[in-house]
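K.L.:
the following comprises the amino acid sequence and a computationally predicted model.
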Amino acid sequence: MFTEVGDGKAYFEISDDIIEGFNNGGYNYISWLFFIAGPKYLNLGFLPTALVPRIFYEFPSSQDYQLIQSLLHLQFALIILYFSLKWQVLSKQNLLAVILFILISPGFMTVIAYPTRHYLTFFSMFLCFISFESLMIKQSLIKLIGLITGIILLFFIKVALIIFIAIYFIYRIYKEAFSLKLIFAILSPAVLIGIYELYSYTNSLYNSSFYEKQIGVMENVYLGPLLPLYKYVMAIVSPFPWYKYSVVVDTIAYGGNWVLLLAYIPTAIIGLYIFLRMIVYNVKIMRLNIETSKLFLFGIIMSLSLLGGDTGFNVYVIVCMPFFAPLLLIKEYNISIKWPILALVVLNVVVMLINNESIFDYV
């Protein structure tokens, strides 16, 4: 059932608690929860999924919640499509690539298949991006409201992302506003200290300190300085390794749904294809087009946020993949799709040998 797979049970329990508490205690109860448990506990990103079906049905079914969440995802996609066209931040070709990616890519299909807050995570990040970039071109109140809205939403969904939003903003302002470079140079130590302090705060708030979490992959291998690369790749390819799928499929994360689980394989291939291409041809690709270079830079910076969290959570990299969607339209500096596929097959074999396991152990 949709309401019980993944984090669904926890999401609905918290949402029910918040809705009941709000009906009884009003804003005072919400404020108390906010200060005691932190902004993430309120699950603002999931509340639309929990609340909207109750408007139309007295007792919504699991299918009702799933359908409404899919429709909400489509609605938010239409909102960013409208404002992107209105503010002319992206070309129609690049915007089409982004919109199609969030609607039909296997990665986003897996995200929407669960009770989730992360369709709103992407919406908030993209709203911040188009609002900021349009403000850099021409200032207006509605653009400023859009930027503030995106930041407020991120504060309640995953406040640590605001740090990486700020890093992108600072870089863009520093690069574009040449008259401000001296001011930024003087204030940069204070900015760095502020970022460090804020990151320390969010780490403690979400218990997402930078550490190696054992997920059954390379358990006895010391990774040392390769840990960031390991965490990044594991986020792209997870759930991993593939030869354990027969065991993984029956866990609460997938609820016995083979179609859902197998959808992560093309997701991993696409993610690793983008990753390898950006690694091999990074400088050349970033110089091809100013518009796409901004999108790619934003995607790179935002995806680095996963390094501060637990290992093997692909949703934090999936929500950043649409920023690289225009890369799939660029013919220059390409790599064959066979290389990410081959890399994933080899990685499965390597992990199996290192862990002294056999594929027949999971048949």
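P.N.:
In hand now; what should we look at?
K.L.:
which element is V52 on?
P.N.:
helix 47-56 (DSSP states H and E).
K.L.:
again but with Y11, I slipped
P.N.:
helix 8-37.
K.L.:
hmm, back to that, list the buried ones in the helix holding V52?
P.N.:
47-50, 52-53 (16 or more other CB atoms under 10 Å). The C-beta positions use only the backbone N, C-alpha and C, and glycine is treated the same way.
K.L.:
run through the neighbouring helices and strands of that helix.
P.N.:
Packing partners of helix 47-56 (3 or more CB pairs under 8 Å, 6 or more residues apart in numbering; DSSP states H and E): helix 8-37, helix 62-87.
K.L.:
so what's L100 up against?
P.N.:
With contact set as CB atoms under 8 Å, 6 or more residues apart in numbering, L100 has these partners: A325.
K.L.:
that one: what secondary structure?
P.N.:
Here L100 is recorded as helix under DSSP: H, G, I helix; E, B strand; the rest coil.
K.L.:
would you mind measuring from it to Q93?
P.N.:
Taking CB to CB, to the nearest Å as the criterion, L100 is separated from Q93 by 11 Å.
K.L.:
one more: F132?
P.N.:
21 Å.
K.L.:
ok, L297 - contacts?
P.N.:
Here L297 is in contact with 168, 171, 286 (criterion: CB under 8 Å, 6+ apart).
K.L.:
most neighbours among the residues you listed, please name it.
P.N.:
Y168 (20 neighbours; other CB atoms under 10 Å).
K.L.:
relative to the whole chain's centre, how far out is the one helix or strand that one maps to?
P.N.:
Here Y168 sits within helix 160-176, counting by DSSP H and E. Using CA atoms, centre = their mean, to the nearest Å, the mean C-alpha position of helix 160-176 is found 17 Å from that of the whole chain.
K.L.:
in the host helix or strand of M302, what counts as buried?
P.N.:
Secondary structure from DSSP H and E places M302 in helix 290-303. Under the neighbour-count criterion of 16+ other CB under 10 Å, helix 290-303 has 292, 294-296, 298-303 buried.
K.L.:
any low-confidence regions in the stretch 51-200 of the chain?
P.N.:
177-200 (pLDDT under 70).
K.L.:
next, the angle from the host helix or strand of M278 to helix 290-303.
P.N.:
Secondary structure assignment for M278, by DSSP H and E: helix 264-280. Interaxial angle, helix 264-280 versus helix 290-303 (axes from the mean of the first three to the mean of the last three CA atoms, to 10 degrees): 120 degrees.
K.L.:
I'd like the mean pLDDT over the helix or strand following helix 264-280, please.
P.N.:
Following helix 264-280 in sequence order, the next helix or strand is helix 282-286 (DSSP H and E). Averaged over helix 282-286, pLDDT sits at 90.
K.L.:
ok, stretch 317-327 next?
P.N.:
94.
K.L.:
first-to-last residue distance for it?
P.N.:
Using CA to CA, to the nearest Å, one end of stretch 317-327 lies 16 Å from the other.
K.L.:
so how far is it off the chain centroid?
P.N.:
9 Å.
K.L.:
contacts for it, please.
P.N.:
Under CB under 8 Å, 6+ apart, the answer for stretch 317-327 is 93-94, 97-98, 100-102, 105, 107-108, 110-111, 118, 121-122, 125-126, 129, 232, 235-236, 267, 270-271, 274, 277-278, 285, 292, 295-296, 298-299, 302-303, 306.
K.L.:
likewise for stretch 47-63?
P.N.:
1-4, 11-12, 15-16, 18-19, 43, 64-65, 68-69, 72, 115-117, 120.
K.L.:
and the helix holding M278, how far from the chain's centre?
P.N.:
So, by CA atoms, centre = their mean, the centroid of helix 264-280 is 15 Å from its chain's centroid.
K.L.:
flag every buried residue along that helix.
P.N.:
Quick answer for helix 264-280 (16+ other CB under 10 Å): 264-265, 267-275, 277-278.
K.L.:
all helices of the stretch 101-250 of the chain, in order?
P.N.:
Counting by DSSP state H, counting those that start in this stretch, the stretch 101-250 of the chain has helices at residues 106-112, 118-137, 141-158, 160-176, 181-206, 227-237, 245-248.
K.L.:
including distance to S336, could those go into a markdown table?
P.N.:
What follows is those, written out as a markdown table (distance: least, CB to CB, whole Å):
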| stretch | distance to S336 |
| --- | --- |
| helix 106-112 | 20 |
| helix 118-137 | 29 |
| helix 141-158 | 35 |
| helix 160-176 | 31 |
| helix 181-206 | 38 |
| helix 227-237 | 18 |
| helix 245-248 | 26 |
